[in-house]
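# What follows is a predicted structure for the sequence shown.
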Amino acid sequence: MILGVRPVAWLEIVVFIAAALAIDFFVLDGDRFWSVRPHPFWLIVILVAVQYGANASLVAGLTASLALTAGNLPTPELGADVFQYWAGVGLRPALWIGVGQILGQMRDRELVDRARLRTRITDLEEQNQLIANGFEELKRTKSALEARIARQFRTVITTYRAAQSMDVTDEERLSRGLDQLIQSILSPQKYSLWSLGPDGFEFERAVGWTETDTYERRLELAHPLVQHILGREPALCAARPADERKLLGQGLLAGALIDMDSGEIVGMLKIEETAFLDFNLYTLENFNVICSWIGAARVRARRWRQLQADRVTGANDLLMSAEVSERVFALLAQLGHRKGFSSSQLIVRPSDPDALGPEQHSILALALGEAVRTTFRATDLAFEREREDAEYAILLPGTPLDDAELLAGKLRTALERRLPPSLPSAAILIEARTIENDLAPAPDAVTP
């Protein structure tokens, strides 16, 4: 600040006055705009007052007054009143300073209020952050207490029951449940999951590992640990000297993920680090139970995925699955090409799939299946295309594209009667296509 005024305000005042005087000197009469009403200097006085406040407006008013009157006083008329003469000369400078002060004071008050509000907002944000930090600390303390209580009361039976109660048909939920179960029952600081491959155990994922850890990420068939696991031997425990030699520093516990019903080994669970008090006999028993549960759960999840892939119908039994649609569409396209008839399809999808929740996706699929079943021909079939994006296709055998576009309006009317207000039909896109367009090979594909 220079004399309570920002340097940029000084610069703006000097540049404006200099530019105005230069224009007057070189272009106009050179009387410094004495007879111009309103005077151009009003502009800089008002702008500076509104932008920078009272101090800057005072500087602008004094500078404008000095630029107007210094060496530029008009010659008084003969016999004119002296007081009237000086009143006329000083009127504009007085107005510049007075109006500038009024506007400047208003600007200063606004700036003070804004600074006070900013300070208040900063204080509130700090308070909110302190409250949030305290809440997170409380949550961590609560979780630690719950985990400690759970460790005190856990048994092999309760562990098995907790594992059985988990949903094991969805592999994504199973993966989250595995981490939660392992951490709540065994409380390891570092552990890893492995899958069985043709050449040994392949690293799948780890929890707690750091960049300084030197654990191997691939265990070949010749490794003693792998030979022990594949021989369906009990879990390895570093507390036993014979097992420690087989582990070769790769962890404290290692066990096969085995399905007890079929005897199939699908992988391995390995604990690299845990608290000293948590490494005891009960931990080993719980570790064996968890390994058996994970193996059985993975086998069941894999079988469920295979069954889902082989399903003819989708989730609600009104729509056929996407896997079936690919074969049916290809067959119908080839048949139409051979017999000389065309078939079409109606593509149904929401305009914004991410805005729909899982429940709305199910409502749309159910409404579409009912609309097709009650409105269309028996030969018109509805298929899932992309389940994650809620995209569906209605196959119209022997229907030209023009007729398919008419049926699109019929389908929209049927959907309007079945969709709830929370899912308006206007948010659903319906497009008519020929099935040959979707089945056409890519430009760089080689057609046999």
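Yep, that arrived.
# average model confidence for whichever strand or helix holds Arg116?
Using DSSP states H and E, Arg116 sits in helix 82-153. Across helix 82-153, pLDDT averages out at 83.
# how far is that helix from where the chain is centred?
31 Å (C-alpha atoms, centre = their mean, to the nearest Å).
# Who are the packing partners of that helix?
helix 41-52, helix 54-69, helix 171-185 (3 or more C-beta pairs under 8 Å, 6 or more residues apart in numbering; DSSP states H and E). No exception for glycine: its C-beta is placed from N, CA and C like everyone else's.
# Touching the shortest one from outside, list them.
In this case it means helix 41-52. For helix 41-52, contacts defined as C-beta atoms under 8 Å, 6 or more residues apart in numbering pick out 5-6, 9, 12-13, 16-17, 20, 33, 56-57, 59-61, 64, 67-68, 92, 96, 99-101, 103-104, 107.
# try 6 Å
Contact with helix 41-52 is made by 9, 16, 56-57, 60-61, 64, 96, 100, 103-104, 107, as judged by C-beta atoms under 6 Å, 6 or more residues apart in numbering.
# Over to the longest one?
Applying C-beta under 6 Å, 6+ apart, the external contacts of helix 54-69 come out as 4-5, 9, 13, 17, 32, 41, 44-45, 48-49, 93, 96-97, 100-101, 104-105, 108.
# Would you mind checking which of the contacts of helix 41-52 is nearest to Glu220?
Among those, Ala9 lies closest to Glu220 (C-beta to C-beta), at 76.2 Å.
# where's the closest one, which helix or strand?
helix 7-26.
# elements contacting that helix?
helix 41-52, helix 54-69 (3 or more C-beta pairs under 6 Å, 6 or more residues apart in numbering; DSSP states H and E).
# buried set for that helix?
Within helix 7-26, the residues scored as buried using 16 or more other C-beta atoms under 10 Å are 9-10, 12-13, 16-17, 20, 24.
# can those go into CSV with extra columns for pLDDT?
Listed next are those as CSV, based on pLDDT from 0 to 100:
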residue, pLDDT
Ala9, 82
Trp10, 85
Glu12, 85
Ile13, 85
Phe16, 88
Ile17, 85
Ala20, 84
Asp24, 79
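# how about TSV for those, with distance to Leu284 added?
Output for the buried residues of helix 7-26, formatted as TSV (distance: C-beta to C-beta, whole Å):
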residue	distance to Leu284
Ala9	78
Trp10	80
Glu12	80
Ile13	84
Phe16	86
Ile17	89
Ala20	92
Asp24	98
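# now, among those residues, which is nearest to Arg385?
The closest of the buried residues of helix 7-26, once distances to Arg385 are taken by C-beta to C-beta, is Glu12, at 63.7 Å.
# ok, that closest one to Leu138 distance?
Using C-beta to C-beta, to the nearest Å, we find Glu12 at a distance of 54 Å from Leu138.
# one step back: quick check: PyMOL command selecting the buried ones in the contacts of helix 54-69.
Buried members of those, defined by 16+ other C-beta under 10 Å, are picked up in PyMOL with:
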select buried, resi 5+9+13+17+32+41+44+45+48+49+93+96+97+100+101+104+108
